[in-house]
Every structure is written in structure tokens, then in C-alpha cells.
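**Q** Would you be able to build a 3D model of this:
(one chain, ligands or ions: 1)
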Amino acid sequence: MKIIMLGAPGAGKGTQAKQIAAKYDIPHISTGDIFRANIKNGTELGKKAKEYMDQGLLVPDELTCDLVMDRIQEDDCAKGFVLDGFPRTIPQAEALTAALEKIGQKMDFAIDVDVPDENIVNRMSGRRACLECGATYHIVAIPPKQEGVCDNCGSKLVLRDDDKPETVQKRLDVYHEQTQPLIDYYNKAGILKSVDGTQPMEKVFEDITNILA
Ligand code: AMP
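**A** Coordinates of the predicted model:
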């Protein structure tokens with residue numbers, strides 16, 4: 001099963017993607033996580049990506065597409081995968097469609113986790129992330145067991161630079177301009193499904209599993 005998660009930053013698609021990956025035993029591929037791991041390890045890719053990420057801008061397609069195309073051809077993706085944060089532009093979607101066509105495959109579902117803008121800024125300011133293992137929390141909706149400490153690895157939780165209110169508005173503008181057109185793209189491809197992302201997390205997941213069943 002090959003799934004794309006769509007939705008504004010902060011819509012909860014990462015949380016849902018992790019649960020889908022666990023339930024269907026397929027890899028969760030998050031381009032944001034891949035870039036953050038590269039930043040942490042001080043790679044060339046990480047240095048370049050950080051310049052864009054810190055401003056709330058998208059990392060250019062040429063730095064993004066190849067790494068995803070390589071990743072989805074690894075052995076663990078044979079049964080499928082869930083893409084979280086990719087594609088984010090029409091050229092990325094076209095690159096993905098073309099790469100899969102070449103190997104006689106196609107995506108099965110594009111799931112849009114729909115949340116209005118006014119809910120997003122509030123959600124993002126409460127988000128906390130572990131920069132060590134990539135786990136994310138929310139101070140109200142998904143609190144860690146101990147305040148400020150990652151349940152998984154015990155590292156300190158932080159408000160990511162790109163989750164600060166001034167950057168969130170920029171990310172939302174970028175989302176509407178560059179990523180929202182993908183809803184139409186995947187609707188035309190006949191694989192778009194929408195879920196109401198303002199519902200409690202468990203209900204959003206239930207709606208998604210009903211779609212995938
Ligand atoms: P995320 O964790 O998915 O919210 O991504 C964090 C940041 O990483 C984004 O705001 C972008 O700067 C960058 N990023 C992640 N995925 C992509 C992508 N597919 N294309 C371009 N930039 C991306």
C-alpha cells in the first residue's frame with residue numbers, strides 16, 4: 001500500500017503517518033525528518049536545507065526529489081510506504097508519478113488531513129519536538145510523560161525554529177501557494193481522500209483506516 005499524506009503544516013499528518021506505518025508495517029518516510037537528520041549530522045545537504053527551512057521556505061526540488069526516489073526503491077519499501085511531507089510541489093508530484101511509472105507502479109491513496117488555517121497557528125505553538133529521535137508532542141493534545149523530556153529517548157524537547165509563530169505564517173502561505181494544488185492533482189488522478197483533521201486524533205485515525213480498509 002503506497003500512501004501520501006497531504007495537509008497543511010501542523011495538520012497532524014506526521015502523527016497519523018507514524019500510526020499508519022505501524023499498523024500496516026510499512027516505512028514512514030518524512031522528508032522533514034530526513035532533512036533534520038542531515039542538519040544534525042552536519043552534512044552538505046543539511047547545511048543547504050537549513051537555509052530554507054529556517055525561513056519557512058521549501059527546500060528546492062532538486063535537493064528533495066532524488067533522495068525520495070532513492071529511498072522508495074530500498075528493499076523495505078517493497079510492500080509499500082507512507083510519504084509524509086512529500087510531495088509538496090507539483091514538480092515533486094510529477095517526479096514521483098514518473099519514477100513509479102518507470103517501474104510499473106502507482107500511488108494508491110493521497111489522504112488530505114484537512115484543518116483550517118485558524119486552528120494551525122495555535123496548534124504549532126504548542127508543538128514540541130525531540131531533535132534526537134524525531135518524536136513530536138503537543139503540550140495539550142499529546143503531552144510527554146515528563147514535561148520537556150522525550151518519552152522515547154529522554155532528550156530535551158524544544159519548540160522547533162520553524163514552528164515559531166512568525167515562521168508558521170510563512171509556511172502556511174507557502175503551503176497554499178505551492179502544496180495545496182496537489183489536492184487537485186491527486187483528485188484528478190482519482191486517489192484523493194479527505195479526512196476532517198479537526199477531530200480528535202483517534203477519530204482521524206479511524207477515518208483513515210476506514211479509507212484504507
Ligand atoms: P516538515 O517536518 O514536513 O513540516 O518539514 C519541515 C521543513 O522541511 C519544511 O518547512 C521545508 O522547509 C522542508 N521540507 C520538508 N519536506 C519538503 C519537501 N518535500 N520539499 C521541500 N521542502 C521540504
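
**Q** and the residue in the chain that the ligand sits nearest to, how many neighbours?
**A** Of the residues in the chain, the one nearest the ligand is Gly32, at a distance of 2.1 Å by CB to the nearest ligand atom. For glycine as for every other residue, the C-beta is placed from the backbone atoms N, C-alpha and C. When neighbours are counted by other CB atoms under 10 Å, Gly32 registers 20.

**Q** which non-adjacent residue is nearest it?
**A** Leaving aside its sequence neighbours, Gly32 sits nearest to Gly85 (CB to CB, 6 or more residues apart in numbering; 4.7 Å).

**Q** got a list of what that neighbour touches?
**A** Neighbour list for Gly85: 5, 13-14, 30-32 [criterion: CB atoms under 8 Å, 6 or more residues apart in numbering].

**Q** Now do the least confident helix or strand in the chain by mean pLDDT: which elements does it pack against?
**A** When each helix and strand of the chain is scored by mean pLDDT, DSSP states H and E, helix 117-125 comes last, with a mean of 87. Applying 3 or more CB pairs under 8 Å, 6 or more residues apart in numbering; DSSP states H and E, one finds that helix 117-125 contacts helix 165-174.

**Q** Only alpha carbons, please: show the helix it packs on as PDB.
**A** Provided in PDB are the C-alpha atoms of helix 165-174 (Å, rounded to 0.1, in the frame of the first residue of the first chain):
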ATOM      1  CA  PRO A 165       4.700  31.800  15.100                       C
ATOM      2  CA  GLU A 166       6.400  34.200  12.600                       C
ATOM      3  CA  THR A 167       7.700  31.200  10.600                       C
ATOM      4  CA  VAL A 168       4.400  29.300  10.800                       C
ATOM      5  CA  GLN A 169       2.500  32.100   8.900                       C
ATOM      6  CA  LYS A 170       5.200  31.900   6.200                       C
ATOM      7  CA  ARG A 171       4.900  28.100   6.000                       C
ATOM      8  CA  LEU A 172       1.100  28.400   5.700                       C
ATOM      9  CA  ASP A 173       1.500  30.900   2.800                       C
ATOM     10  CA  VAL A 174       3.900  28.600   1.100                       C
END
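
**Q** what's the angle from that helix to helix 117-125?
**A** Interaxial angle of helix 165-174 relative to helix 117-125 (axes from the mean of the first three to the mean of the last three CA atoms, to 10 degrees): 140 degrees.

**Q** Can you point out the buried residues in helix 165-174?
**A** The neighbour-count check on helix 165-174 (16 or more other CB atoms under 10 Å) flags 167-168, 171-172, 174 as buried.

**Q** is Ile142 in a bridge, and if so with what?
**A** His138 (DSSP bridges).
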